[in-house]
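test case, fold it:
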Amino acid sequence: QPAVGGDAVACVEHQQVARHHFPRRQLDLLSVTDDGGARGRHLPQRIESFGGTAVLTTNLEASIDPALRRLMLAFLVFNAVESATWIAVLLYAYEATGAQSVGIVALAQLLPAALLAPLAATLGDDHPRERMLVGGYLLLAVTLGLTALAMLQDWSPYAVYLAAIAASISTSLIRPVQNALLPGLARNTHELTAANAVSGIAEAAGTLLGPLAVSFIVVAATTGAVLVVTAIAITCAGLLVLHLSVSRQAPLVDAGPAKPVPARAPVHYWHRILEGFRVLARHPDASLLVTVLASRMLMIGIVDVLFV
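The predicted structure follows:
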């Protein structure tokens, strides 16, 4: 990266930090010069932000911003609620319709959400993302409340499954909109990098805390109580993301003078989705990454069913 605020800092301390955290090849990539000469002469002022311990400093900078802090906290709650709901519904299916129905119920929740996820992701391109995020949290809270009501009132298991499927579809709206909001909330590239890192931490922590909470609640109550708690929690998460101040000013990275964008006819949602598959077909590396992520989620679903 170029140095921030003039000449790059070329001091022994920064060189030691870089050599400690990076192999030689990465150190060469990070080093910059003012005149295009020999590599490795200068290090960026913010080279410490790439080090292991100093990443925490950058994360703290991001946490100072109230909007980012609220967004990350809501995302943590969302991931915990998503995991807890998944486990609770599978436990309910095991008790209500037998062990053989657990896999079918899991597939019934995942398949509609997977088919509608690309469509839900494109909605943030045509509508204000902060409103779409609040709407996603509100829709998830309503569907979770309906699922809890169906469980507690001993409705037909199929009614419970339909409500759970609606809740699963609602979750497909939140994650892509939340990720798209980050560049508008971050004040600089360092905060954006830190926010992406914190998002990963929040996702992992929520995946752990959700099932852990289910285990405590189920011991003292029923799976319906789990859905009541998740509905309340996701409502609180929705309140956290109210009134987000999203910047629509210049981008974080200066791309040069703005160029006029020719007007285009509106593109249908399904055309956008097909274009996404065409992009994956043109870029093998992106296709490999998507395949790895899909395989990961497939294995997580298989293990969840086996554990239940």
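
hey, let's count contacts and neighbours off CA atoms from now on
Noted.

shaky segments in the protein?
Where the chain drops to pLDDT under 70, the residues are 1-64, 121, 124-126, 245-270, 304-305, 307-308.

got the phi/psi numbers for residue 128?
Dihedral pair for residue 128: phi -60, psi 120, per degrees, to the nearest 10.

would you mind measuring from it to residue 196?
21 Å (Cα to Cα, to the nearest Å).

which one of the two has more residues nearby?
Just comparing residue 128 and residue 196: by other Cα atoms under 10 Å the higher neighbour count belongs to residue 196, 16 against 13.

now do the contacts for the more buried one.
By Cα atoms under 8 Å, 6 or more residues apart in numbering, the contact list for residue 196 reads residue 182.

before we move on, what SS does it have?
Three-state assignment for residue 196 (DSSP: H, G, I helix; E, B strand; the rest coil): helix.

how much space separates it from residue 276?
Where residue 276 is concerned, residue 196 sits at a distance of 22 Å (Cα to Cα).

likewise for residue 300?
Computed as Cα to Cα, the residue 300 to residue 276 distance reads 25 Å.

what residues are up against residue 83?
Going by Cα under 8 Å, 6+ apart, the list of residues near residue 83 reads 206, 207, 210, 211.

export these to JSON lines and append columns for distance to residue 135 and neighbour count.
Output for those, formatted as JSON lines (distance: Cα to Cα, whole Å; neighbours: other Cα atoms under 10 Å):
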{"residue": "206", "distance to residue 135": "21", "neighbour count": "22"}
{"residue": "207", "distance to residue 135": "23", "neighbour count": "20"}
{"residue": "210", "distance to residue 135": "22", "neighbour count": "25"}
{"residue": "211", "distance to residue 135": "25", "neighbour count": "20"}
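
now intersect those residues with the helices, please.
Among the contacts of residue 83, the residues falling in helices (DSSP state H) are 206, 207, 210, 211.

distance to residue 162 added to those residues, as CSV?
As requested, the ones in helices among the contacts of residue 83 are exported to CSV (distance: Cα to Cα, whole Å):
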residue, distance to residue 162
206, 25
207, 23
210, 22
211, 22
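
who's in contact with stretch 271-289?
118, 119, 122.

OK, contacts around residue 116?
169, 172.

ok, it to residue 208 distance?
From residue 116 to residue 208 the distance is 26 Å (Cα to Cα).

same check on residue 242?
To residue 208, residue 242 is 26 Å away according to Cα to Cα.

and what of residue 225?
Distance from residue 225 to residue 208, by Cα to Cα: 19 Å.

neighbour-wise, which of these two wins?
With neighbours defined as other Cα under 10 Å, residue 225 and residue 208 compare such that residue 225 has more, 19 against 15.

pretty sure the more buried one is touching residue 217, no?
Yes. With contact defined as Cα atoms under 8 Å, residue 225 counts as touching residue 217 (7.2 Å).

can you count the residues close to residue 242?
Around residue 242 there are 16 other residues, counting by other Cα under 10 Å.

now residue 135, what's its secondary structure?
Per three-state DSSP, residue 135 ends up helix.

quick check, residue 198 in contact with residue 73.
No. Counting by Cα under 8 Å, residue 198 does not reach residue 73; the two are 9.8 Å apart.
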